[in-house]
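**Q** Have a look; sequence and predicted model below, questions after that.
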Amino acid sequence: MSDSAFGAQEVTMLDLLDRVIDHGVVLAGDVTISVAGVDLVYLGLRVLLAPVERLPELMNRTAEEERREVLCA
Amino acid sequence: MATTAADARTEATTPVETARDGASGWYLYGITRRGARATTLEEADAQTADAGFAAPPGDDAPLQLLECGGLAAVVRPVLMADFTPAVLQQRLRSASGMEAIVRSHNRVVEAIHAQQAILPARFGVVYADTRDIQSALRSVCDSLLPQLHRLEGCDEWALHLYANRAAVRERVVAGNPALARLREEFVAARPGRAYFLERQLREELEGATRQALATLARNAFDRLTAVAIAGQVNPAAAGADSATEVEILRAAFLLARDDAERFDAELCSVADASEGIRCECSGPWPPYSFAVVDTEAAQ
């Protein structure tokens, strides 16, 4: 790609996470171990990578709440 | 789905490997066409050196191709114990640790993607048995082969489009005589009347600005999709907006590598700084957003 719009290209961690964790195929096997913890990890990473101004809002959700949400999902 | 002669041969030549000690499983990186060059796999394998997940005991855990029909799953043996919620949560305490694992997943997918089309797998799915992957592959073979064909020579690009709220609001007022009149009226009004005029003005301006931003986003997406093979809108994360800017579009585009320059040119014209529109773009990515297993077709 040339400069201009792509000049400021930055492979952001958020774009990587959006792709690797939110997208991609999941093959349904008979004995698939679909990792229950991944959603939890994703939420946690979002907290870690969130803009500073959003941290209070995100941190209000305790790990325990997130865990319940993931388990109930 | 009927088992074909080719499948039967595959099964005969591919030994079914079950996790040896009951504690190891198979981590799936993606699905590609059968017949990848050995060097491709070696290159990708070199990317797993720092994968962050321990190999099963007595196994140096190389990447493997699990072939079935016209497809091949890119897999690697891992310890199941590394994938329990408790362990993952532990790793979560270190952002850099998790980042390394996620990046490692992507690097393997990228190494294959650089050589031939791959449907990237979602992060973190482990299978207990190679038979599970093979039977799953067999059931989706008819739907995945055309997808791989479509993705050949294509990259995914991620786009964030931001608008300067004040700049867009000004343009809205400039292009809307009724609003401009209302604002003049408000400026000249006495305090009592000004209070009501201000409320009316704020409401109408907010509505018109929201509409203008939505139109901007839709037009940008349509124009970019026209030079891409496909486009997909992703929901923007709430709170991604700053005080002055609002993220009006978060999208992924599938581009033929030859069309990258055309896309670039279109993007430059869409993200016009003089109109308060700015973009951030990342890529090329393997086609994560355009890899879908059509489970209904598989049944």
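**A** Noted; the coordinates are in hand.

**Q** Do I have it right that residue A:18 meets residue B:158?
**A** Yes - Residue A:18 lies in contact with residue B:158 (C-beta atoms under 8 Å); the separation is 7.3 Å. All C-beta spots, glycine's among them, are computed from the backbone N, C-alpha and C.

**Q** Give me the more crowded residue out of these two.
**A** Of the pair residue A:18 and residue B:158, residue B:158 is the one with more neighbours under other C-beta atoms under 10 Å in any protein chain shown, namely 24 against 21.

**Q** OK, contacts around the more buried one?
**A** A:15, A:18-19, B:250-252, B:281-283, B:285 (C-beta atoms under 8 Å, 6 or more residues apart in numbering or on different chains).

**Q** Show the pLDDT at residue 62.
**A** Because you didn't say which chain, this covers chain A. Looking at residue A:62, its pLDDT reads 42.

**Q** should've been chain B
**A** 81.

**Q** swap in residue B:291?
**A** So, for residue B:291, pLDDT stands at 88.

**Q** Pretty sure it sits against residue B:119.
**A** Yes - Residue B:291 is in contact with residue B:119 according to C-beta under 8 Å; the separation is 4.0 Å.

**Q** Between those two, point out the one with more neighbours.
**A** Between residue B:291 and residue B:119, counting by other C-beta under 10 Å, residue B:119 is the more crowded of the two (28 against 25).

**Q** wait, residue B:44 sits on residue B:74?
**A** Yes - assessed by C-beta under 8 Å, residue B:44 is found in contact with residue B:74 at 7.1 Å.

**Q** intersection of neighbour lists for those two?
**A** Residues touching both residue B:44 and residue B:74 (C-beta under 8 Å, 6+ apart) are B:29, B:63, B:108, B:112.

**Q** Helices - which of these land there?
**A** Applying DSSP state H to the shared contacts of residue B:44 and residue B:74, the entries found in helices are B:108, B:112.

**Q** of all the shared contacts of residue B:44 and residue B:74, which comes closest to chain A?
**A** Nearest to chain A among the shared contacts of residue B:44 and residue B:74, counting by C-beta to the nearest C-beta, is residue B:29 at 9.5 Å.

**Q** what about that closest one, neighbour count?
**A** Around residue B:29 there are 27 residues (other C-beta under 10 Å).

**Q** what pLDDT does it get?
**A** For residue B:29, the model assigns a pLDDT of 91.

**Q** you'd agree it is up against residue B:75?
**A** Yes - the pair residue B:29 / residue B:75 is scored as a contact, 6.9 Å apart, by C-beta under 8 Å.

**Q** what residues do the two have in common as contacts?
**A** Taking C-beta under 8 Å, 6+ apart as the criterion, residue B:29 and residue B:75 both touch residue B:63.

**Q** Just the C-alphas of the helix or strand where residue A:17 lies, formatted as CSV.
**A** Here residue A:17 sits within helix A:13-20, counting by DSSP states H and E. Provided in CSV are the C-alpha atoms of helix A:13-20 (Å, rounded to 0.1, in the frame of the first residue of the first chain):
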residue,chain,number,x,y,z
MET,A,13,-3.8,-4.7,19.3
LEU,A,14,-7.5,-4.0,19.2
ASP,A,15,-7.8,-4.9,15.5
LEU,A,16,-5.8,-8.1,16.2
LEU,A,17,-8.1,-9.1,19.0
ASP,A,18,-11.2,-8.3,17.0
ARG,A,19,-9.9,-10.7,14.4
VAL,A,20,-8.3,-13.5,16.3
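
**Q** list the buried ones in it?
**A** Neighbour-count burial for helix A:13-20 flags A:14-20 (criterion: 16 or more other C-beta atoms under 10 Å in any protein chain shown).

**Q** dump the residue contacts of residue B:114.
**A** Counted by C-beta under 8 Å, 6+ apart, residue B:114 has contacts residue B:43.
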